[in-house]
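Chemist: Quick one, structure for this:
(4 chains)
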Protein chains: 2
Amino acid sequence: MEKSLKSRATVQKMQVKGLELFYQKGYYNTSLDDILKALELSKGAFYYHFQSKEDFMISIVQHLLFRKVYSSLIEPIEGREDPFRCIENCLESALENAEHNFMDYGFVLGNFMSEFNGRNENISRYLNDICKVWEVNLVTSLQKGKSDGYLERHWDSEGIASFIMASYFGIRALMVSGNASMLRYKYMQQIRNYFKSMSLKSSF
Amino acid sequence: MEKSLKSRATVQKMQVKGLELFYQKGYYNTSLDDILKALELSKGAFYYHFQSKEDFMISIVQHLLFRKVYSSLIEPIEGREDPFRCIENCLESALENAEHNFMDYGFVLGNFMSEFNGRNENISRYLNDICKVWEVNLVTSLQKGKSDGYLERHWDSEGIASFIMASYFGIRALMVSGNASMLRYKYMQQIRNYFKSMSLKSSF
DNA sequence: TAAAGAACCGACTTTCTGGTCTGATAACGC
DNA sequence: GCGTTATCAGACCAGAAAGTCGGTTCTTTA
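Modeler: Just a heads-up that it's a prediction; the model follows:
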């Protein structure tokens, strides 16, 4: 294989497997050997491509996590009309994906945020940045919704956005240790009620 | 000091400091030496009172955590009237406490749940039990609220309870890495809106 | 007051983990 | 063909962490 291609393939493999294991067992509870063993690679290979375990994690956050969060939680909302319906669909498909795929990136984000909080300022910053992008996107969408007549101007867009994010992080945390599909159903019902109570054009 | 008293005092000291450090730095990221150093105690003392680090953690969960969660999140709701107002006050004071006291036990519970999930089934079970007690209490309170005419019977009590818990876990996770007091204010506003949309006797 | 045992000390062992370093090997330019 | 370099293998190291164990000190009790 061509050199630069092989290099990129190796890096990619490491990042994908790294994210998978870090998510499953936690960053601090997963050793480099765990990852390298699963890939049948060596320490030499790892430290050729990355400077440290921290550097490795940051590359995962920036390349994999950010893109996944963007495509699953941000892009489907960006620029669209009817924010409530739009956000609702977005959350629904993210939760559905989580049930079959066992890994939805919104939750991975929340999970990592709580793991690194107070333990690694550097990594926390990158995670918070992603979170911020999501938040800004939600707020923008809601503001546009006001202009387009989907909700009244007196509602607090930032408050709603935070509430949506919080409830999503939280329900995913509950889902891992319980009846996931039932929780997902009940959650969607409640978020719909919540949205409905603020919605002007009653498309519900 | 009397022996059995001294013994219990030592155990208590270890548990309190252990909970504090486990919460701050995470269980897997806190060594026994960290705890023992802070208390000026030795390994010998620790393994005299506890069988292992896991056993130690379980004793903390059962004795400290459970009681604190009970007194701060369950007792204030149990048997009372007007569930929405009651739950609202309860969450508010928990969040307020979190801002000054830096440690509210509802969040500690959620935090630990995510840390141990998939990593220690044993400890996870104990944490889930506490969570379940909270949930049952919320559901019971809401059911009673229906009888007392505070909300209509068609609302799904389990769904509402899960939604409350999820939003609370989530907002606390967001608070650690952001503007806590602003988030708290916005959160309480949103949860009030949510409650209001289901409330019959409009005490709001 | 002296034996018994509870409570504790701290050095030691074992295992694991992040990180380093010396080579090996295959692709690449010339 | 030949030196160069990118890519990787794996032995090795230092430090940390959980857990062990023989010994010490203090309290109770007979």
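
Chemist: name the element the residue nearest to the spatial centre of chain A belongs to?
Modeler: Nearest to the mean C-alpha position of chain A, by Cα atoms, centre = their mean, lies residue A:106 at 2.1 Å. Secondary structure assigned from DSSP states H and E places residue A:106 in helix A:105-116.

Chemist: same check, this time on residue A:192
Modeler: Assigned by DSSP H and E, residue A:192 falls in helix A:180-196.

Chemist: between that helix and helix B:180-196, how many degrees?
Modeler: Orientation check (axes from the mean of the first three to the mean of the last three Cα atoms, to 10 degrees): helix A:180-196 against helix B:180-196 gives 90 degrees.

Chemist: Alpha carbons only: can I get helix A:180-196 in PDB?
Modeler: Extracted in PDB, the C-alpha atoms of helix A:180-196 (Å, rounded to 0.1, in the frame of the first residue of the first chain):
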ATOM      1  CA  ALA A 180     -34.200   1.600  27.100                       C
ATOM      2  CA  SER A 181     -37.100   1.400  24.600                       C
ATOM      3  CA  MET A 182     -39.700   2.200  27.200                       C
ATOM      4  CA  LEU A 183     -37.800   5.100  28.500                       C
ATOM      5  CA  ARG A 184     -37.200   6.400  25.000                       C
ATOM      6  CA  TYR A 185     -41.000   6.200  24.300                       C
ATOM      7  CA  LYS A 186     -41.900   8.000  27.500                       C
ATOM      8  CA  TYR A 187     -39.200  10.600  27.000                       C
ATOM      9  CA  MET A 188     -40.300  11.500  23.500                       C
ATOM     10  CA  GLN A 189     -43.900  11.800  24.800                       C
ATOM     11  CA  GLN A 190     -42.800  14.300  27.500                       C
ATOM     12  CA  ILE A 191     -40.600  16.400  25.300                       C
ATOM     13  CA  ARG A 192     -43.500  16.600  22.900                       C
ATOM     14  CA  ASN A 193     -45.700  17.900  25.700                       C
ATOM     15  CA  TYR A 194     -43.100  20.400  26.700                       C
ATOM     16  CA  PHE A 195     -42.800  21.600  23.100                       C
ATOM     17  CA  LYS A 196     -46.500  21.700  22.600                       C
END
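
Chemist: So which bits of that helix are buried?
Modeler: Judged by neighbour count (16 or more other Cβ atoms under 10 Å in any protein chain shown), helix A:180-196 contains these buried residues: A:180, A:183-184, A:186-195. Where you see a C-beta, it was placed from the backbone N, CA and C, and this is true even at glycine.

Chemist: so who does the residue nearest to the centre of chain A touch?
Modeler: A:69, A:72-73, A:94, A:134, A:168-169, A:172 (Cβ atoms under 8 Å, 6 or more residues apart in numbering or on different chains).

Chemist: Show me which of the residues you listed are buried.
Modeler: A:69, A:72-73, A:94, A:134, A:168-169, A:172.

Chemist: Could you pick out the longest helix of chain A?
Modeler: helix A:121-147 (DSSP state H).

Chemist: quick one: that helix near DNA strand C?
Modeler: No. Residues of helix A:121-147 contacting DNA strand C under Cβ under 7 Å from any atom of the strand: none, with a closest distance of 12.0 Å.

Chemist: After that helix, heading C-terminal, what element do we hit next?
Modeler: Toward the C-terminus from helix A:121-147 - assigned by DSSP H and E - lies helix A:157-176.

Chemist: hey, C-alpha coordinates of that following helix in PDB?
Modeler: Presented in PDB, the C-alpha positions along helix A:157-176 are these (Å, rounded to 0.1, in the frame of the first residue of the first chain):
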ATOM      1  CA  SER A 157     -34.300  30.400  23.800                       C
ATOM      2  CA  GLU A 158     -31.200  29.800  25.900                       C
ATOM      3  CA  GLY A 159     -33.300  28.300  28.700                       C
ATOM      4  CA  ILE A 160     -35.100  26.000  26.300                       C
ATOM      5  CA  ALA A 161     -31.900  24.900  24.600                       C
ATOM      6  CA  SER A 162     -30.200  24.100  27.900                       C
ATOM      7  CA  PHE A 163     -33.300  22.200  29.000                       C
ATOM      8  CA  ILE A 164     -33.400  20.200  25.900                       C
ATOM      9  CA  MET A 165     -29.700  19.300  26.200                       C
ATOM     10  CA  ALA A 166     -30.000  18.500  29.900                       C
ATOM     11  CA  SER A 167     -33.000  16.200  29.400                       C
ATOM     12  CA  TYR A 168     -31.200  14.400  26.500                       C
ATOM     13  CA  PHE A 169     -28.000  13.800  28.400                       C
ATOM     14  CA  GLY A 170     -30.000  12.700  31.400                       C
ATOM     15  CA  ILE A 171     -32.400  10.400  29.700                       C
ATOM     16  CA  ARG A 172     -29.500   8.700  27.900                       C
ATOM     17  CA  ALA A 173     -27.800   8.200  31.200                       C
ATOM     18  CA  LEU A 174     -30.900   6.500  32.600                       C
ATOM     19  CA  MET A 175     -31.400   4.400  29.400                       C
ATOM     20  CA  VAL A 176     -28.100   2.500  29.800                       C
END
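
Chemist: Let me see the mean pLDDT of that helix.
Modeler: What helix A:157-176 shows for mean pLDDT is 96.
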